[in-house]
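1. Sequence and predicted structure are below.
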Amino acid sequence: METRWFIPARLQNGGPAFVRAAAPHMRELAIVAGAYWAYMYSRALVFDDFGATAIANAKSIISLEKSLGFFWEPDWQAWVIESAKNLVIFFNWAYIVTFWPILLTTGFILYLVNRQRYRYYRNLVLVSFIVALIGFMLFPLAPPRMMAEHFVDTIKAFGPAFYASRELASYYNPYAAMPSLHFSWTLMFGILFLRTPGKWFKVVGVLYPTMTLLAITITGNHYIMDAVGGSILIMLAFAVVELGFKRRLFLPKLLGTAGFRSKTG
């Protein structure tokens, strides 16, 4: 039986039928709203001057990539801008429309057609988000597009203009770059597609994360190290959720997953 945390007992056992029916759906909406609130209002809890700290951390990441021999992002970006400007536009739009629209649409479809599978991937998102939120607070990171010495903000330079507007910037944390949830959750969906029967789903499972890696770096929104951090993050989330499901250590009570014994991929 699913653990009904977050639902008051009076709504589980009594009250109007429509309220009882709506309560699980309201819980899911509350999870999403609560996660967004935590994301927005935790960004200035650790450092007084987030911006200066983020710039200093960006310089450290650039130095690290140089020392490891894969500070490739400026060369990738310069080649695309100089040789294939249509690709710049493509990656700008790919960065925008292949993340939240796919994340929300896939989540909604899974919620309707396969609630068990939905909860599994929802829990992956929550676990990875909690860890990432700690990372954003402790290690704010200015994205490449803010480091004008090496990079161009391609969305600001080539559009779409609405995404680079100051009004839209107030709805996200510009220093939430390490680890990259954009790449982390895209990689999660790549794994979901690889687990789905059908050749074309498996092709998408490979191409989707690959395209995302190029999009987040060529647009100047993430460093390669951010993607590395995102990859480690989602693997950690898979490990935590698998332990919670299969060994039933702590996730059943925490995330409402009691009774999950069948395949969840």
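-> Structure's in. What do you need?
2. drop to CA atoms for contacts and neighbour counts, all remaining ones
-> Will do.
3. Please give the element, helix or strand, for the nearest residue to residue 133 once chain neighbours are set aside.
-> Computed as CA to CA, 6 or more residues apart in numbering, the closest residue to residue 133 that is not its neighbour in sequence is residue 39, at 6.6 Å. Secondary structure from DSSP states H and E places residue 39 in helix 17-41.
4. Let me see the mean pLDDT of that helix.
-> Average pLDDT, helix 17-41: 78.
5. tell me which strands and helices it is in contact with?
-> helix 9-13 (3 or more CA pairs under 8 Å, 6 or more residues apart in numbering; DSSP states H and E).
6. Would you mind checking the average pLDDT for the helix it packs on?
-> On average, helix 9-13 scores 51.
7. picking up where we left off before, could you tell me which residues within the helix holding residue 39 count as buried?
-> For helix 17-41, a neighbour-count test (16 or more other CA atoms under 10 Å) marks 20, 23-24, 39-40 as buried.
8. Could you dump the residues you listed into JSON lines with distance to residue 137 added?
-> Formatted as JSON lines, these follow (distance: CA to CA, whole Å):
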{"residue": "20", "distance to residue 137": "37"}
{"residue": "23", "distance to residue 137": "32"}
{"residue": "24", "distance to residue 137": "31"}
{"residue": "39", "distance to residue 137": "10"}
{"residue": "40", "distance to residue 137": "11"}
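9. pLDDT weak spots in the protein?
-> Scanning the chain for pLDDT under 70 picks out 1-20, 42-48, 164-170, 245-265.
10. which residues in it form helices?
-> Shown for the chain, the helices assigned by DSSP state H span residues 9-13, 17-41, 50-68, 73-83, 85-97, 100-113, 115-138, 154-158, 166-169, 181-195, 199-218, 224-246, 251-255.
11. Out of those helices, which one sits most buried?
-> The highest mean neighbour count among the helices of the chain, using mean count of other CA atoms under 10 Å, belongs to helix 181-195: a mean of 22.
12. Taking helix 199-218 as reference, get the angle to it.
-> 170 degrees (axes from the mean of the first three to the mean of the last three CA atoms, to 10 degrees).
13. contacts for helix 181-195?
-> Outside helix 181-195, the residues that touch it by CA atoms under 8 Å, 6 or more residues apart in numbering are 99, 125, 129, 132, 201-206, 208-209, 212-213, 216, 227, 230-231, 233-234, 265.
14. Where does the record place the domain boundaries for this structure?
-> 1-41, 49-255 (automatic domain parsing).
15. check contacts around the residue nearest to residue 124 when sequence neighbours are not counted.
-> Among residues not flanking residue 124 along the chain, residue 237 sits closest, at 5.6 Å (CA to CA, 6+ apart). Residues in contact with residue 237 (CA under 8 Å, 6+ apart) are 124-125, 127-128.
16. can you check residue 146 too?
-> Residue 146 neighbours (CA under 8 Å, 6+ apart): residue 153.
17. returning to what we had before: please produce TSV containing the contacts of residue 237, extended by distance to residue 79.
-> Shown next, in TSV, are those (distance: CA to CA, whole Å):
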residue	distance to residue 79
124	36
125	34
127	37
128	33
